[in-house]
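Asks: Pasting the sequence and the predicted model now:
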Amino acid sequence: MSVSFRASSVAVRRINAGASRGLSRRAPSGSSPISSSSSPRRLSSPLRSHSTAAQPAAKETASSSAAEAQQADAVPVGKSLLAMSAAVLTVSAGAAVVESATSSSCPPFDPRGQRFDQSTFAGRFSRMFLACDPRLLFYTEDEIRRSKEMVSNSEALLANPPEGVSVQEMNRSLWEAHRIASAALHPDTGDTIPHPFRMSGYVPFNGPVCVAMVASTSTPALLFWSWVNQSQNALVNY
């Protein structure tokens, strides 16, 4: 029994020695398990340095994109005011041109009629253009009341026009007085209409509302400005 146990132990030692020699022959000279296991770490170190260097660039790109998005969502207040001023000046100048160009062809004044022929597009356009004239907002309460009295006394003024005033000039003055009074006074009650709800105030007062409605970036803001727009439209037509 002792001899067989010794023989088996010797055989195990020889097998272990042969295995260790085979491993040493396969491994290249100067290599070690530590060096082979450290090679992935050496390969991964440049990747880590590259990702670390790319992080600030990514942050700068994200911040610039956020700034551009914020600028795009901002309401262009300056440009909106400039566009509104240009619209007011354009309508005012256009109304002055239309009124001056048709002064010599004014029909006889009729307080229940219209200055322009409403059966033609040019007549309807001229009427609405003069009604939207923002200059009508600058007449005082006393001037509006005097224009109303002038329209009420139109028959007497046409029968006996002031000295130096022709009938055609009187007709034009009466049509202008009628335009001033009808733009500021309610046709049924005779009360003064607030400036934002007059047809002459539609361009300067409704323009900013339309800009705010278009520039809204959220649903509550869009609903609010749409409500303001429709409320003003209803009060203008009231």
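Replies: Done, it's in. Residues are numbered from 1 along each chain as shown.

Asks: And the strands in the chain, which stretches?
Replies: Using DSSP state E, no strands are found in the chain.

Asks: pLDDT below threshold where in it?
Replies: 1-77 (pLDDT under 70).

Asks: Number of residues surrounding Y202?
Replies: Per other C-beta atoms under 10 Å, the neighbour tally for Y202 reads 18. Bear in mind the C-beta positions are built from the backbone N, C-alpha and C, glycine included.

Asks: quick one, what contacts it?
Replies: 132, 236 (C-beta atoms under 8 Å, 6 or more residues apart in numbering).

Asks: got it, and the one 3 residues further on?
Replies: Residues counted as contacts of F205 (C-beta under 8 Å, 6+ apart) are 195-196, 232.

Asks: Could you export those as TSV, including neighbour count?
Replies: Formatted as TSV, the contacts of F205 follow (neighbours: other C-beta atoms under 10 Å):
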residue	neighbour count
H195	15
P196	15
Q232	17
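
Asks: Looking at these, which one is closest to P111?
Replies: H195 (24.3 Å; C-beta to C-beta).

Asks: residues touching that closest one, list them.
Replies: For H195, the contacting residues are 137, 201, 205, by C-beta under 8 Å, 6+ apart.

Asks: Let me have the contacts of F205 in a markdown table, extended by distance to T120.
Replies: A markdown table is the format used below for these (distance: C-beta to C-beta, whole Å):
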| residue | distance to T120 |
| --- | --- |
| H195 | 31 |
| P196 | 31 |
| Q232 | 30 |
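
Asks: I'd guessed V236 sits against M199; true?
Replies: Yes. Using C-beta atoms under 8 Å as the test, V236 is close enough to M199 to be in contact (6.2 Å).

Asks: Do a quick rundown of the helices in the protein.
Replies: 2-26, 33-73, 77-101, 121-131, 141-152, 154-159, 167-184, 202-214, 219-236 (DSSP state H).

Asks: Give me the contact list for the fourth one.
Replies: Read that as helix 121-131. Helix 121-131 is touched from outside by 91, 94-95, 98-99, 102, 114-118, 179, 183, 199-200, with contacts defined as C-beta under 8 Å, 6+ apart.

Asks: If you rank these by neighbours, which is first?
Replies: S200 (26 neighbours).

Asks: wait, that residue sits on P134?
Replies: Yes. Counting by C-beta under 8 Å, P134 is a contact partner of S200 at 5.8 Å.
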